[in-house]
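Chemist: Show me the folded form of this:
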Amino acid sequence: MAMDYVDVSKKIISAVGGADNISSATHCMTRLRLTLKDQAMANDGKVEGIKGVKSVIKQGGQYQIVIGNEVSNLFKEFSKMGKFTDDGGDGSKG
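Modeler: Purely as a prediction, here's the structure:
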């Protein structure tokens, strides 16, 4: 029942408009937090349909994807795919 971090990461990146649409990425205890260049490119329904994704929340300029306790493991693969860094910020440059 383990999550396929590589597969889930690829699907999330695709569903939010591709790696070029992500200006920064980080995570907290349960959420993958993305700053998107154009939130209109993200397909909420497609993101929520990915196995392992619990929900999508748009808050404070961030596109937050609720994953649960496995988010830190997912982020390791996610960040490799888009060369994102976990800077703990929301992307001061966009």
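Chemist: contacts, neighbours, all on C-alpha from now
Modeler: OK.
Chemist: secondary structure class for the residue sitting nearest the centre point of the chain?
Modeler: Central residue of the chain (Cα atoms, centre = their mean): Leu32, 4.6 Å from the mean position. Under the three-state scheme (DSSP: H, G, I helix; E, B strand; the rest coil), Leu32 adopts strand.
Chemist: So in terms of bridging, what pairs with it?
Modeler: For Leu32, the beta-bridge partners under DSSP bridges are His27, Ile65.
Chemist: show me what contacts it?
Modeler: Ala25, Thr26, Gln64, Ile65, Val66, Ile67, Val71, Phe75 (Cα atoms under 8 Å, 6 or more residues apart in numbering).
Chemist: what's the distance between it and Gln39?
Modeler: To Gln39, Leu32 is 15 Å away according to Cα to Cα, to the nearest Å.
Chemist: now Gly61
Modeler: Gly61 is 9 Å from Gln39, by Cα to Cα.
Chemist: Looking at those two, which one has more neighbours?
Modeler: Neighbours were counted for Gly61 and for Gln39 using other Cα atoms under 10 Å; Gln39 has more, 18 against 12.
Chemist: ok, Gly18 to Leu34 distance?
Modeler: In terms of Cα to Cα, Gly18 sits 12 Å off from Leu34.
Chemist: okay, those two: which has more neighbours?
Modeler: Leu34 (24 against 16).
Chemist: quick one: contacts for the more buried one?
Modeler: Residues near Leu34 by Cα under 8 Å, 6+ apart: Ile22, Ser23, Ser24, Ala25, Thr26, Gln62, Tyr63, Gln64, Asp90.
Chemist: Touching, the second one and Arg33? I think so.
Modeler: No. Applying Cα atoms under 8 Å as the test, Ser23 and Arg33 come out as separate, 11.0 Å apart.
Chemist: the more surrounded of those two?
Modeler: Using other Cα under 10 Å, the more surrounded residue of Ser23 and Arg33 is Arg33, with 26 against 18.
Chemist: That's all I had, so thanks and see you.
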